[in-house]
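Visitor: generate coordinates for the sequence data below:
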Amino acid sequence: MIVAVTMNPSVDISYSLNRFELDDVNRVETVRKTAGGKGLNVARVISQMKEDVMSTGVLGGTVGDYIVQQLNESNVRNDFLRIESDSRNCIAILHAGMQTEILESGPTLSEQEGIAFLEKFEGLIIHASLVTISGSLPKGLPTDYYCEMVEISHKKGKRVIVDTSGESLKQVLMQKKKPFAIKPNTAELSQLLGFEVEAEIMDLKQTLNHKIFAGIEWIVVSMGSRGAFVKHGADYYRVTIPEINAINPVGAGDATVAGFAVALNRNQTVDNVLKTAMTTGMLNTIEARTGYINKDKFKQFFNFVKVEKMY
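Guide: Below you'll find the predicted structure:
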């Protein structure tokens, strides 16, 4: 079983308008509501890949109830810590080829709620084979909160994939106990290291040799339509993908994490791990829904992904 963690989930609400009028009434006919958050996207795609998954994190209020309802309807097992505050809504207004977002910051967790989730997490991962931790932390939790989750996972002998950014990622990498895998992009690497990281092979090889990454088994640097650059142990790989008709790139990184986790959980070869990760990312991109893939197209796209070992 894979345990997929989302600490700051949301209901993502999408409004489609021909014109968006400021200081006026805007009536919407097409509304899409989705249980959102990076870890929820990961969990849904893992489930669609027919792998056993448990979604967890913190939820509160009627928004939290809606998220659980949506996960249940998608047959994604879930076990969240219920908190007093309401979970958040994130609104996207689609108008004239543009997207205006209104994002609630979400609940502020108490110290007691933070401790309670760590206790819950420790119990949930007893029967897990792999853990994914995705996205931002809610207010109230310290920036090193994910470090405690990685530490607990190490004590239980569980591999952890961490997909976060900013101070949370930096804190995780500064600890002695490192995650098994991380999935930054070049912008997140630049923010982390304090200098511009270019999406070029020699630059990336040098960057990933930085001492802050010592002890991490897998580093998957996502590069959008250019695929990925990967460090696995002492080896480097360039992964290229075909040109595709992108419909909705939102959540592609989460789908990539899902495919990566599934292939690792199945003890597949390095080539197949990387090809599976890229394939699920692409399959998410060609669908209108976020955190959704059409598995019937998996083999077709999988065969077009190329993995090249770099020397």
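Visitor: might you calculate how far the helix or strand containing residue 43 sits from the centre of the chain?
Guide: Assigned by DSSP states H and E, residue 43 falls within helix 38-48. Its chain's C-alpha centre and that of helix 38-48 lie 8 Å apart, by Cα atoms, centre = their mean, to the nearest Å.
Visitor: residue 183 is in contact with residue 165, correct?
Guide: No: between residue 165 and residue 183 there is no contact under Cβ atoms under 8 Å: 10.2 Å. No exception for glycine: its C-beta is placed from N, CA and C like everyone else's.
Visitor: can you list residues touching both of the two?
Guide: Counting by Cβ atoms under 8 Å, 6 or more residues apart in numbering, residue 165 and residue 183 have no contacts in common.
Visitor: neighbour count: the two, which is higher?
Guide: residue 183 (24 against 16; other Cβ atoms under 10 Å).
Visitor: ok, the more buried one - contacts?
Guide: 161, 163, 220, 221, 222, 253, 256, 257, 260.
Visitor: rerun at 6 Å
Guide: 163, 220, 257 (Cβ atoms under 6 Å, 6 or more residues apart in numbering).
Visitor: got the contact list for the last one?
Guide: Residues in contact with residue 257, defined by Cβ under 6 Å, 6+ apart, are 42, 132, 163, 183.
Visitor: could those go into CSV alongside pLDDT?
Guide: As requested, the contacts of residue 257 are exported to CSV (pLDDT from 0 to 100):
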residue, pLDDT
42, 98
132, 98
163, 97
183, 97
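Visitor: tell me the one of those nearest residue 139?
Guide: residue 163 (19.9 Å; Cβ to Cβ).
Visitor: looks like that closest one contacts residue 135 (just checking).
Guide: No: between residue 163 and residue 135 there is no contact under Cβ atoms under 6 Å: 7.4 Å.
Visitor: now the helix or strand encompassing residue 253 - C-alpha only, PDB.
Guide: Per DSSP H and E: residue 253 is located in helix 252-265. Output in PDB follows, covering the C-alpha atoms of helix 252-265 (Å, rounded to 0.1, in the frame of the first residue of the first chain):
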ATOM      1  CA  ALA A 252       1.000  16.800 -14.400                       C
ATOM      2  CA  GLY A 253       3.700  16.800 -11.800                       C
ATOM      3  CA  ASP A 254       1.500  15.100  -9.300                       C
ATOM      4  CA  ALA A 255       0.600  12.400 -11.900                       C
ATOM      5  CA  THR A 256       4.300  12.000 -12.500                       C
ATOM      6  CA  VAL A 257       4.900  11.400  -8.800                       C
ATOM      7  CA  ALA A 258       2.000   8.900  -8.900                       C
ATOM      8  CA  GLY A 259       3.500   6.900 -11.800                       C
ATOM      9  CA  PHE A 260       6.900   7.000 -10.200                       C
ATOM     10  CA  ALA A 261       5.500   5.700  -6.900                       C
ATOM     11  CA  VAL A 262       3.600   2.900  -8.600                       C
ATOM     12  CA  ALA A 263       6.600   1.700 -10.600                       C
ATOM     13  CA  LEU A 264       8.900   1.900  -7.500                       C
ATOM     14  CA  ASN A 265       6.300   0.000  -5.500                       C
END
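Visitor: what's the angle from that helix to helix 38-48?
Guide: Angle between the axes of helix 252-265 and helix 38-48 is 50 degrees (criterion: axes from the mean of the first three to the mean of the last three Cα atoms, to 10 degrees).
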